[in-house]
Structures are given as structure tokens and as C-alpha cells.
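Below is the sequence, then the predicted model.
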Amino acid sequence: TRPLRVAAVDLGASSGRVMVGTVGPDLLDLEEVHRFRNGAVEVDGALTWDVRALHAEVLAGLRAAAAGGPVDGVGIDSWAVDYGLLDTTGELVGPVVAYRDSRTDGVRERVVEVVPEEELYATTGLQQLPFNTLYQLVSAPDLLGGAETMLLVPDLLAYWLTGQVGAERTNASTTQLYDVRGRDWATGLAEKVGVPARILPPLRDPGTTIGSLLPDVSAAVGLPAGTPVVAVGSHDTASAVVGVPFTHRSRAAYISSGTWSLVGVELDEPVLSDAAREADFTNEGGVDRTIRFLRNVSGLWVLSEAIRTWESRGEDVGLADLLAEAAAVPALRSVVDLEAPEFLPPGDMEARIAAACAASGQPVPGTRAEVARCVLDSLALAYRRVVRRAAALSGVGVEVVHVVGGGARNELLCALTASACGVPVLAGPVEAAALGNVLVQARALGADLPDLAAMRALVRATHELVRHEPAEVGDWDAAERAVRG
Ligand code: ADP
Ligand code: LRH
């Protein structure tokens, strides 16, 4: 029999791609057939996602996949938490607002007066990110009256492909409306904060079939009408963690490094202790009932926003040159707390970094290379803090740190991470999320991949990893004191 050939749609906050995965015994190949830029766009004063354009890009990608051969399945993953609301006729109610929009400012503070943090954490196990779906829904109560269904972004796109409504479980677990132990919507909590339980659609598990392509979709993309759309770990981080080539997951941490950095370990059970809540760790639901015990720290967003600002002023900035220059800047001259709220919204990151350095009595980066170095040193410092904390809270003895996602291409960041964490970094694969998407589809379609360990063994056997050994670069303890006192 021929190998399986599936299309993985992987939508990140900065770029989207459609990849064709080919899977057989000892075979896991990934080919990019379509890539496009993504980013939130301001419409009527709100930061929104142009989901119609994303839909069109998905169709273009599926067309490209179909042009190259048979497609046995389609799977979609994207960034978490954001959603569209549908009315009773299935039309979108209002825009799909992006998580960096300011509408959630102060909402969390109001909600925790109604439901204390302890109760929220005991039920959902989630990090208190200001943009969790719960806070977004509460911030716009006027839209809820006319809403029949809430669909998270990958579920919305799957709805447009198949006509089927549902909520894939890994992404549902990022909403702060999901009971992590009961593995069901936390309807009591939802009603308490004013979110009608009716808008929470039936849950579905990764690995199940959502439906088949609608006739008009199949005609538009050139695929047979029966082509199944398979639920994958539709949270991009869930798929990325499937693609982490662990040898022993009980002795390793991972960093899914892209727009965000998701830093943590994989567990079988959530950790809902007071210490985990105080450290603000999340317990997201993963493929095969695993738990992603991690913290969402800042990511390469700060660097890409800085570059965007420079380019908007007409300066020509090549990432490769910038990183080469940053590598020559002395280490740990100045570090900032990238988790501080001022680095969340779009804007002039260089100015915000300058203000933070001045406020903490450190040298203000004077060149673009120094700004980039400050961001990367600060990221590595955050990785060190969170890897240590994840180990202490979970009992995992971290002997190696896997870095996947676009950040795995950043050699300076990987080297700094090894140095900061004091253990080797294994970098790659860059496209871990697409691989995880492909692997879960392949298993659903009959590939012999009984469990996550088998999937990861296949990733290891087919993908070269780059090893970075820890080296002395500077005083990380002193740097930690500079940002956290
Ligand atoms: P997301 O899925 O969140 O959109 P990615 O995993 O695609 O993010 O990672 C994007 C980031 O990867 C970019 O912001 C950039 O910093 C980094 N990156 C991509 N390509 C390279 C490269 N060739 N060298 C260094 N860094 C890179
Ligand atoms: C990464 C990610 C992350 C979420 C954030 C909103 O793309 O899905 O896991 O916390 O986006």
C-alpha cells in the first residue's frame, strides 16, 4: 500500500502554512505547499483576525496539496483562545477579535471578584493570561445575547470546510471554561461569569473525524467530496508537543518557541497545587490525555515587533544579519522582564525596552543589535526561570531541553538557552506543530503509530536535531536579580 498523504494546516500568529505530510513505516516527510503571512489587523479600533482571508488561504493551500497527489485527510491547528461567535443561522456575529486587543484590560480583575483565583485554578488549572477566552467573552457581553455557538479558530475553519460544529478538546482546554479533571466544559463556572453554557459546543477528541469536505469546498480545492477532516491537537502547542522528539519525556523539558514561548513538561495528571497556582503554571489538555504543564512566557514576538517598527520607518532589517550582529554583542549587558504587561500589545518595543532598562538602572541598548541581544538574553533568562520552576513543581528532572518552532532556527537563542538552563538544548524540528498535526491524522487514518512514544520515535528517526551544549556566557543569577529583584 502507498504511504498516507495528509494536509496539515498550521496557523501561527505570525504566519500560516499548509504542509503535506507523507507517512509510512520509517517515513515521515513534510513538504510546505503554501505559506502566507498572518497578523492581527485593526478594524474600527479593534485588533482582529481576518478569518475570511485565512479561510481563503486554507483553500489555496488545499488546492496546492491536491495538485501534488492524493490527499487522505486534512487537519487544522492554530493559536489558542480566540474564537468566532455564530448566530442561529451559522453566520458570524461580529469580528474575530485578536487576543492582544485591549478589550480585556482589567477584566480578569473584575472576574476574580466573582470567582476567586483559587476556584478558577482548581477547576481549569490555567495560567492567568489576561486574554483567556473566558475574559474575552466577559469583556463583550453585548455579543453573547445573539450568539448560539462559540467556535475556536481551528473549529471555525473546520466548520467552513465540513459544516460540522464542535470544540476540539486540546484547544477547549485553553479557554478557562474547561474542567481539566472532569474533562468537560465547566458550565457552572461559565454561567457564574455570565457566559451562557449553550454557546459551548460538543467536545471532540483529537484523532476523531470531524466530517467530510462540503461539496462546494471539495470542488473548489480539487479533492474528492469524501475527503475527511480529522480533529488533530487543534491547539498549535498541543500539536507541537506531539512533535517534540523526546527520548524520555520524564527527563526533559520543551520550549515551543515562536510568537510565544511555551515552556514546560508533559505529564499524565494536572498539577493543581497552591505552588503551581502561585507560579501561574497552566495545565492544558494534550493529545492522548496528556497534560501540558507549562507557562506561556513571552516569545519572539518582541523581536519581530521591534523589526516591524524599524521597517515601518524605512529601515531595512534582515533577521539573519541582525542575529549575527547580536551574537557579537557582550552577553547580559541589560535584561528586561519580557513577561511585563507592556510587551503584550503591538507597538515600539525598542522604546519599551529602553524605558525598562532605564528604570532598572541598566544600560539602554543603543543599536538594533543591542536591542536584539537584550531580547534574546531576556528570553533565555525567562526560559531558565521557567524550566527550573517546571522541574521543581512537577518532579521532572530536566536533563535536556528540546526547542521546537521557529525559535529552533535561532542558533544564538538556542545556545543562550543551553547556557542559561545549564543542560544541553536539542533544537528542532522547526515545524513540530505541523508534524504533530500530520502524525495524529496518520494514526486516525490507520498508520501504525500506537502512542505518542511511537510518533516521537518516528520524528527522531527522520529529523536531524541540532545539539547546543551549555557554555559560560555570563552571570545568570545576577541577571535574574536585575529583573526580579
Ligand atoms: P508562530 O507559529 O507563532 O507564527 P513560528 O514558530 O513560525 O511562530 O516562529 C516564528 C519566529 O521564528 C520568527 O519570529 C523568527 O524570530 C523565528 N525564525 C524564523 N526563521 C528564522 C531563521 N531563519 N533564523 C532565526 N529565526 C527564525
Ligand atoms: C501559541 C499559542 C499559545 C497560546 C497563545 C495565544 O501559538 O497557541 O499556546 O497561549 O498562542
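Arrived safely, thanks for sending. Ligands and ions are numbered 1, 2, ... in the order given.

Give me every residue in the chain lying close to ligand 2.
Contacts of the chain with ligand 2, taken as Cβ under 6 Å from any ligand atom, map to 12-13, 79-81, 99, 235-237, 258-260, 262, 296. All C-beta atoms are positioned from the backbone trio N, CA, C, and that covers glycine.

what's the offset of the biggest helix by length in the chain from the middle of its chain?
As assigned by DSSP state H, the longest helix anywhere in the chain is helix 368-394. Its chain's average C-alpha position is 17 Å from that of helix 368-394, according to Cα atoms, centre = their mean, to the nearest Å.

thinking again about what came up before, would you write a ChimeraX line that selects the buried entries of the residues of the chain next to ligand 2?
To isolate the buried subset of the residues of the chain next to ligand 2 in ChimeraX, counting by 16 or more other Cβ atoms under 10 Å, use the following:
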select :12,13,79,80,81,99,235,236,237,258,259,260,262,296
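
Sort out for me which of the residues of the chain next to ligand 2 are in strands.
Mapping the residues of the chain next to ligand 2 onto strands (DSSP state E) picks out 262, 296.

and the residues of the chain next to ligand 2 near ligand 1, which?
Within the residues of the chain next to ligand 2, those near ligand 1 by Cβ under 6 Å from any ligand atom are 12-13, 258-259.

now the strands: where do they sit in the stretch 51-200 of the chain?
73-78, 83-86, 96-97, 149-152, 167-168, 178-179, 184-185 (DSSP state E, counting those that start in this stretch).

residues of the second one that come out buried?
Taking 16+ other Cβ under 10 Å as the basis for neighbour counts, the residues of strand 83-86 that come out buried are 83-86.

which of those are close to ligand 1?
Of those, not one also sits near ligand 1 (Cβ under 6 Å from any ligand atom).

Just name the closest of those residues to Asn283, please.
Asn283 lies nearest to Tyr83 out of these, by Cβ to Cβ, at 20.5 Å.

Identify the bridge partners of the closest one.
Applying DSSP bridges to Tyr83 yields these beta-bridge partners: Leu152.

residue ranges for the helices of the stretch 51-200 of the chain, please.
With DSSP state H, counting those that start in this stretch applied, the stretch 51-200 of the chain shows helices at 51-67, 107-114, 117-124, 133-139, 153-162, 169-172, 187-192, listed in chain order.

which of those sits most buried?
Highest mean neighbour count of these: helix 169-172, a mean of 28 (counted as mean count of other Cβ atoms under 10 Å).

Point out the residues in the stretch 251-400 of the chain that sit beside ligand 1.
In this structure, the stretch 251-400 of the chain approaches ligand 1 at residues 258-259, 300, 303-304, 319, 323, judged by Cβ under 6 Å from any ligand atom.

Now list the buried members of those.
Buried members of these, counted by 16+ other Cβ under 10 Å: 258-259, 300, 303-304, 323.

Sort out for me which of these are in helices.
Using DSSP H, these in helices are 303-304, 323.

Only C-alpha atoms, please: export stretch 51-70 in CSV.
This file holds the C-alpha atoms of stretch 51-70, laid out as CSV (Å, rounded to 0.1, in the frame of the first residue of the first chain):
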residue,chain,number,x,y,z
VAL,A,51,-10.7,35.0,9.2
ARG,A,52,-12.2,35.2,5.7
ALA,A,53,-8.7,35.8,4.3
LEU,A,54,-7.4,32.9,6.4
HIS,A,55,-10.2,30.7,5.1
ALA,A,56,-9.2,31.7,1.5
GLU,A,57,-5.5,30.8,2.3
VAL,A,58,-6.5,27.4,3.7
LEU,A,59,-8.4,26.7,0.4
ALA,A,60,-5.4,27.9,-1.6
GLY,A,61,-3.2,25.6,0.4
LEU,A,62,-5.5,22.6,0.0
ARG,A,63,-5.6,23.3,-3.8
ALA,A,64,-1.8,23.2,-3.8
ALA,A,65,-1.8,20.0,-1.8
ALA,A,66,-4.3,18.4,-4.2
ALA,A,67,-2.3,19.4,-7.2
GLY,A,68,0.6,17.3,-5.9
GLY,A,69,-1.2,14.0,-5.4
PRO,A,70,-4.0,12.3,-3.4
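
how far out from the middle of the chain is it?
Here stretch 51-70 is found 22 Å from its chain centre; the criterion is Cα atoms, centre = their mean.

That stretch near ligand 1 anywhere?
No. Between stretch 51-70 and ligand 1, judged by Cβ under 6 Å from any ligand atom, nothing touches; the nearest distance is 12.8 Å.

before we move on, back to that, most packed of the strands of the stretch 51-200 of the chain?
Most buried among those, given mean count of other Cβ under 10 Å as the contact rule, is strand 73-78, at a mean of 29.

Tell me what angle it forms with helix 51-67.
Angle between the axes of strand 73-78 and helix 51-67 is 150 degrees (criterion: axes from the mean of the first three to the mean of the last three Cα atoms, to 10 degrees).

Could you list every helix and strand in contact with strand 73-78?
The contact analysis (3 or more Cβ pairs under 8 Å, 6 or more residues apart in numbering; DSSP states H and E) places strand 73-78 against strand 4-11, helix 153-162, strand 228-230, helix 236-242, helix 432-444.

List the buried residues of the longest helix of the chain.
For helix 368-394, the neighbour count (16+ other Cβ under 10 Å) marks 368-387, 389-391, 393-394 as buried.

Identify the nearest residue to the residue in the stretch 201-350 of the chain that ligand 2 sits nearest to in space, disregarding sequence-adjacent positions?
Residue nearest to ligand 2 within the stretch 201-350 of the chain (Cβ to the nearest ligand atom): Thr237, separated by 3.8 Å. Sequence neighbours aside, Leu262 is the residue nearest to Thr237 in space, at 4.9 Å (criterion: Cβ to Cβ, 6 or more residues apart in numbering).
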